[in-house]
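> Got a predicted model here, sequence first, then my questions.
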Amino acid sequence: MTVLPMVQHVRPARCPCCDAASRPVNGPLGMRGHGLRARQVYGPHDAGDAPQQVTVQARRYRCTACGAVVVVVPRGLLPRRRYSAAAIGWVLARVGLEGATTPVVRAEVCSAVVLGVAAAERWLAPSRWIDASRRGQLFPRLGRHGADSTRAQVAERTAMQLVALSARGSAGTPAPHLAFHGAALAA
(Lines give C-alpha, C1' and ligand atoms only; values in the text may rest on other atoms or scores of the structure.)
Protein backbone atom coordinates (compact mmCIF):
# COMPACT_ATOMS: atom_id res chain seq x y z
CA MET A 1 0.00 0.00 0.00
CA THR A 2 1.35 3.41 -0.92
CA VAL A 3 1.04 6.33 1.45
CA LEU A 4 -0.43 9.58 0.18
CA PRO A 5 2.09 12.41 0.73
CA MET A 6 1.11 15.22 3.07
CA VAL A 7 -0.25 18.48 1.63
CA GLN A 8 2.88 20.52 2.40
CA HIS A 9 5.22 17.98 0.79
CA VAL A 10 3.83 18.16 -2.75
CA ARG A 11 2.54 21.74 -2.82
CA PRO A 12 3.67 23.39 -6.10
CA ALA A 13 6.25 26.17 -5.66
CA ARG A 14 4.29 28.54 -7.92
CA CYS A 15 0.90 28.73 -9.56
CA PRO A 16 1.31 27.61 -13.18
CA CYS A 17 -1.39 30.08 -14.29
CA CYS A 18 -0.44 33.36 -12.62
CA ASP A 19 3.08 32.54 -11.34
CA ALA A 20 2.20 33.57 -7.76
CA ALA A 21 4.40 32.03 -5.07
CA SER A 22 2.73 29.25 -3.11
CA ARG A 23 4.60 30.01 0.13
CA PRO A 24 5.66 33.67 0.12
CA VAL A 25 8.07 34.70 2.87
CA ASN A 26 6.17 36.18 5.85
CA GLY A 27 2.89 35.95 3.95
CA PRO A 28 -0.17 33.73 3.78
CA LEU A 29 -0.18 30.58 1.68
CA GLY A 30 -0.74 31.24 -2.00
CA MET A 31 -1.65 27.64 -2.88
CA ARG A 32 -4.04 26.02 -0.41
CA GLY A 33 -4.94 22.35 -0.25
CA HIS A 34 -8.21 21.76 -2.10
CA GLY A 35 -8.90 18.08 -1.50
CA LEU A 36 -8.21 14.91 -3.42
CA ARG A 37 -9.21 13.61 -6.81
CA ALA A 38 -9.25 9.94 -7.75
CA ARG A 39 -7.70 9.19 -11.13
CA GLN A 40 -7.76 5.96 -13.12
CA VAL A 41 -4.44 4.90 -14.64
CA TYR A 42 -4.04 2.10 -17.19
CA GLY A 43 -0.95 0.11 -18.15
CA PRO A 44 1.43 -2.52 -16.82
CA HIS A 45 3.32 -1.92 -13.58
CA ASP A 46 6.60 -2.98 -15.19
CA ALA A 47 7.73 -3.60 -18.76
CA GLY A 48 6.23 -6.83 -20.06
CA ASP A 49 3.89 -7.33 -17.08
CA ALA A 50 0.17 -7.92 -17.43
CA PRO A 51 -1.85 -4.72 -17.91
CA GLN A 52 -3.79 -3.38 -14.95
CA GLN A 53 -6.05 -0.54 -13.97
CA VAL A 54 -5.30 1.29 -10.73
CA THR A 55 -6.77 4.29 -8.97
CA VAL A 56 -4.38 6.92 -7.65
CA GLN A 57 -5.21 9.85 -5.42
CA ALA A 58 -4.06 13.22 -6.73
CA ARG A 59 -3.78 16.25 -4.45
CA ARG A 60 -5.55 19.44 -5.55
CA TYR A 61 -4.51 23.00 -4.70
CA ARG A 62 -6.34 26.29 -5.24
CA CYS A 63 -4.41 29.48 -5.97
CA THR A 64 -5.58 32.33 -3.73
CA ALA A 65 -4.43 34.90 -6.30
CA CYS A 66 -6.21 33.72 -9.45
CA GLY A 67 -8.48 30.90 -8.25
CA ALA A 68 -6.92 28.24 -10.50
CA VAL A 69 -7.11 24.64 -9.31
CA VAL A 70 -3.89 22.66 -9.78
CA VAL A 71 -3.77 18.86 -9.62
CA VAL A 72 -0.52 17.22 -8.49
CA VAL A 73 -0.16 13.62 -9.66
CA PRO A 74 2.48 11.00 -8.87
CA ARG A 75 5.60 10.83 -11.03
CA GLY A 76 5.14 8.81 -14.20
CA LEU A 77 1.71 10.23 -15.09
CA LEU A 78 1.03 12.70 -17.88
CA PRO A 79 -1.59 15.44 -17.84
CA ARG A 80 -4.93 14.47 -19.39
CA ARG A 81 -3.76 10.95 -20.29
CA ARG A 82 -5.49 7.79 -19.12
CA TYR A 83 -2.42 5.60 -19.64
CA SER A 84 0.80 5.90 -17.65
CA ALA A 85 3.76 7.54 -19.36
CA ALA A 86 5.60 4.22 -19.25
CA ALA A 87 2.73 2.43 -21.02
CA ILE A 88 2.69 5.12 -23.70
CA GLY A 89 6.45 4.75 -24.14
CA TRP A 90 5.99 0.98 -24.52
CA VAL A 91 3.32 1.47 -27.19
CA LEU A 92 5.40 4.00 -29.15
CA ALA A 93 8.41 1.68 -29.08
CA ARG A 94 6.42 -1.38 -30.13
CA VAL A 95 4.68 0.51 -32.96
CA GLY A 96 7.58 2.75 -34.03
CA LEU A 97 10.56 0.43 -33.62
CA GLU A 98 9.12 -3.04 -33.98
CA GLY A 99 6.17 -2.40 -36.30
CA ALA A 100 3.60 -4.03 -34.02
CA THR A 101 -0.06 -3.46 -34.85
CA THR A 102 -2.23 -1.42 -32.51
CA PRO A 103 -4.62 -4.28 -31.57
CA VAL A 104 -1.64 -6.39 -30.48
CA VAL A 105 -0.11 -3.55 -28.46
CA ARG A 106 -3.47 -2.68 -26.94
CA ALA A 107 -3.68 -6.17 -25.47
CA GLU A 108 -0.27 -5.58 -23.88
CA VAL A 109 -1.20 -2.34 -22.07
CA CYS A 110 -5.01 -2.27 -21.77
CA SER A 111 -6.77 -4.24 -19.05
CA ALA A 112 -10.27 -3.65 -20.46
CA VAL A 113 -12.14 -6.87 -21.15
CA VAL A 114 -15.01 -5.38 -23.13
CA LEU A 115 -14.03 -3.42 -26.24
CA GLY A 116 -16.05 -1.89 -29.03
CA VAL A 117 -16.35 -3.46 -32.47
CA ALA A 118 -13.88 -1.01 -34.03
CA ALA A 119 -11.23 -1.85 -31.40
CA ALA A 120 -10.59 -5.21 -33.04
CA GLU A 121 -9.12 -3.42 -36.06
CA ARG A 122 -7.85 -0.07 -34.81
CA TRP A 123 -6.97 1.73 -31.59
CA LEU A 124 -7.05 5.53 -31.83
CA ALA A 125 -5.06 6.43 -28.70
CA PRO A 126 -1.60 5.83 -30.26
CA SER A 127 -2.45 8.20 -33.13
CA ARG A 128 -3.39 10.87 -30.60
CA TRP A 129 -0.17 10.29 -28.67
CA ILE A 130 1.91 10.50 -31.83
CA ASP A 131 0.20 13.74 -32.88
CA ALA A 132 0.78 15.19 -29.40
CA SER A 133 4.43 14.12 -29.58
CA ARG A 134 4.76 15.82 -32.98
CA ARG A 135 3.57 19.07 -31.37
CA GLY A 136 5.89 18.62 -28.35
CA GLN A 137 2.97 18.19 -25.95
CA LEU A 138 3.28 14.53 -24.95
CA PHE A 139 6.79 14.61 -23.45
CA PRO A 140 7.64 18.34 -23.52
CA ARG A 141 11.30 17.83 -22.64
CA LEU A 142 11.79 15.84 -25.87
CA GLY A 143 10.78 18.77 -28.08
CA ARG A 144 8.81 18.83 -31.32
CA HIS A 145 9.12 16.66 -34.38
CA GLY A 146 8.95 17.84 -37.97
CA ALA A 147 5.48 18.59 -39.26
CA ASP A 148 6.33 16.74 -42.48
CA SER A 149 7.23 13.50 -40.64
CA THR A 150 4.87 10.56 -40.90
CA ARG A 151 3.26 9.10 -37.78
CA ALA A 152 5.54 6.08 -38.00
CA GLN A 153 8.61 8.35 -38.09
CA VAL A 154 7.38 10.38 -35.11
CA ALA A 155 6.68 7.19 -33.13
CA GLU A 156 10.14 5.88 -33.98
CA ARG A 157 11.94 9.13 -33.07
CA THR A 158 10.02 9.55 -29.82
CA ALA A 159 10.70 5.94 -28.87
CA MET A 160 14.42 6.36 -29.57
CA GLN A 161 14.53 9.50 -27.42
CA LEU A 162 12.83 7.60 -24.59
CA VAL A 163 15.31 4.73 -24.97
CA ALA A 164 18.14 7.26 -24.67
CA LEU A 165 16.63 8.65 -21.44
CA SER A 166 16.38 5.27 -19.75
CA ALA A 167 19.04 3.91 -17.47
CA ARG A 168 21.16 1.57 -19.51
CA GLY A 169 20.08 -2.04 -19.24
CA SER A 170 22.07 -5.12 -20.04
CA ALA A 171 23.36 -5.65 -23.58
CA GLY A 172 20.28 -7.61 -24.65
CA THR A 173 17.56 -5.40 -23.13
CA PRO A 174 14.86 -4.88 -25.79
CA ALA A 175 14.14 -1.32 -26.89
CA PRO A 176 10.49 -1.34 -25.68
CA HIS A 177 11.69 -2.15 -22.15
CA LEU A 178 14.15 0.75 -22.26
CA ALA A 179 11.48 3.08 -23.71
CA PHE A 180 9.10 2.01 -20.92
CA HIS A 181 11.58 3.12 -18.25
CA GLY A 182 12.68 6.21 -20.19
CA ALA A 183 9.09 7.40 -20.52
CA ALA A 184 8.56 7.11 -16.77
CA LEU A 185 11.55 9.43 -16.32
CA ALA A 186 10.46 11.85 -19.06
CA ALA A 187 7.00 12.42 -17.55
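Cool, the structure landed.
> Show me the protein divided up by domain.
Following automatic domain parsing, one gets these domains for the chain: 7-72, 85-186.
> Can you tell me which of the ones you listed is most buried?
Mean neighbour counts were taken over the domains of the chain using mean count of other CB atoms under 10 Å, and the top value, a mean of 18, falls to domain 85-186. Quick note: C-beta positions are derived from backbone N, CA and C, even for glycine.
> Least confident of the domains of the chain, on average?
When those are compared by mean pLDDT, domain 85-186 comes last with a mean of 89.
> on that earlier part again, so which of the domains of the chain gets nearest residue 79?
Proximity to residue 79, assessed across the domains of the chain by CB to CB, is greatest for domain 7-72 (8.3 Å).
> Could you tell me the end-to-end distance of that closest one?
Domain 7-72 has an end-to-end distance of 10 Å (criterion: CA to CA, to the nearest Å).
> re earlier: any chance of the domains of the chain in JSON lines, with distance to residue 78 too?
Conversion of those to JSON lines gives the following (distance: least, CB to CB, whole Å):
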{"stretch": "domain 7-72", "distance to residue 78": "10"}
{"stretch": "domain 85-186", "distance to residue 78": "5"}
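> how about the strands of the chain, start to end?
Under the criterion DSSP state E, strands of the chain are mapped to 31-44, 51-63, 69-72.
> So which residues make contact with the last one?
Strand 69-72 is touched from outside by 10-12, 15-17, 31, 34, 37, 58-63, with contacts defined as CB atoms under 8 Å, 6 or more residues apart in numbering.
> The same query, at a cut-off of 10 Å, please.
Under the criterion CB atoms under 10 Å, 6 or more residues apart in numbering, residues 5, 7, 9-12, 14-17, 22, 31, 34-37, 39, 58-63, 77, 79 lie in contact with strand 69-72.
> Give me the distance from stretch 15-30 to the chain's centre.
Remark: stretch 15-30 is offset 27 Å from the chain centroid, using CA atoms, centre = their mean, to the nearest Å.
> Same question for stretch 45-64.
The chain centre lies 10 Å from the centre of stretch 45-64; the measure is CA atoms, centre = their mean.
> mind checking the longest helix of this structure?
As assigned by DSSP state H, the longest helix anywhere in the chain is helix 151-165.
> Now find how far off-centre that helix is within its chain.
Counting by CA atoms, centre = their mean, helix 151-165 is centred 15 Å from the centre of its parent chain.
> which secondary structure elements does it contact?
Packing partners of helix 151-165 (3 or more CB pairs under 10 Å, 6 or more residues apart in numbering; DSSP states H and E): helix 85-96, helix 125-134, helix 175-186.
> among the strands of the chain, which is nearest residue 155?
With CB to CB as the criterion, residue 155 lies closest to strand 31-44 of those, at 16.9 Å.
> which residues does the residue of the chain positioned farthest from its centre contact?
Distance to the chain centre peaks in the chain at residue 26, reaching 36.2 Å (criterion: CA atoms, centre = their mean). If you count contacts by CB under 10 Å, 6+ apart, residue 26 has none.
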